[in-house]
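> Could you work out the structure for the sequence below:
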Amino acid sequence: MRTSARNQFAGTVREIVKGPVSAEVVIEIAGGSRITAIISAKSVEDLKLATGKKAYALVKASNVIVAVD
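Reported below is the predicted structural model:
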């Protein structure tokens, strides 16, 4: 896989919660940290995602929002 994304995390799918349109996918990366992504239910099917399957989380900085009170 080649990509321009610099923040690439290899891991294992730990949980998938599918709704009618979207799905929540939890990927466990090195050190036990988890990254959660919301993707379309169709993408879950197209990628053949399943618990225990290896996957990558690619994080684009412009899509990360950090806030405090």
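> contacting residues for residue 44?
16, 18, 23, 25 (Cβ atoms under 8 Å, 6 or more residues apart in numbering). Backbone N, C-alpha and C define where each C-beta goes, glycine included.
> Apart from its neighbours in sequence, what residue is nearest residue 17?
Counting by Cβ to Cβ, 6 or more residues apart in numbering, residue 17 lies nearest to residue 24, which is 4.4 Å off, once chain neighbours are set aside.
> Next up, identify which helix or strand the one you found is on.
Using DSSP states H and E, residue 24 falls within strand 22-29.
> Pull up the pairing partners for that strand, direction included.
If you go by DSSP bridges, strand 22-29 pairs up with strand 7-18 (antiparallel), strand 34-40 (antiparallel).
> which pair in the contacts of residue 44 spans the largest distance?
Across the contacts of residue 44, the longest distance by Cβ to Cβ is 9.3 Å; it joins 18 and 25.
> Comparing those two, which shows the higher neighbour count?
Neighbours around residue 18 and residue 25, counted as other Cβ atoms under 10 Å, are more numerous at residue 25. The numbers are 23 against 13.
> what's the spacing between the more buried one and residue 2?
As defined by Cβ to Cβ, to the nearest Å, residue 25 lies at a distance of 22 Å from residue 2.
> just residue 42 next, same as before
As judged by Cβ to Cβ, residue 42 and residue 2 stand 24 Å apart.
> which one of those two has more residues nearby?
Neighbour tally, residue 42 and residue 2, criterion other Cβ under 10 Å: the higher count belongs to residue 42, 11 against 3.
> In a helix, the more buried one, correct?
Yes: Residue 42: assigned to a helix according to DSSP: H, G, I helix; E, B strand; the rest coil.
> from now on call the first residue 37
Yep, numbering from 37; the last one is residue 78 now.
> who are the neighbours in contact with it?
Residue 78 touches nothing, counting by Cβ under 8 Å, 6+ apart.
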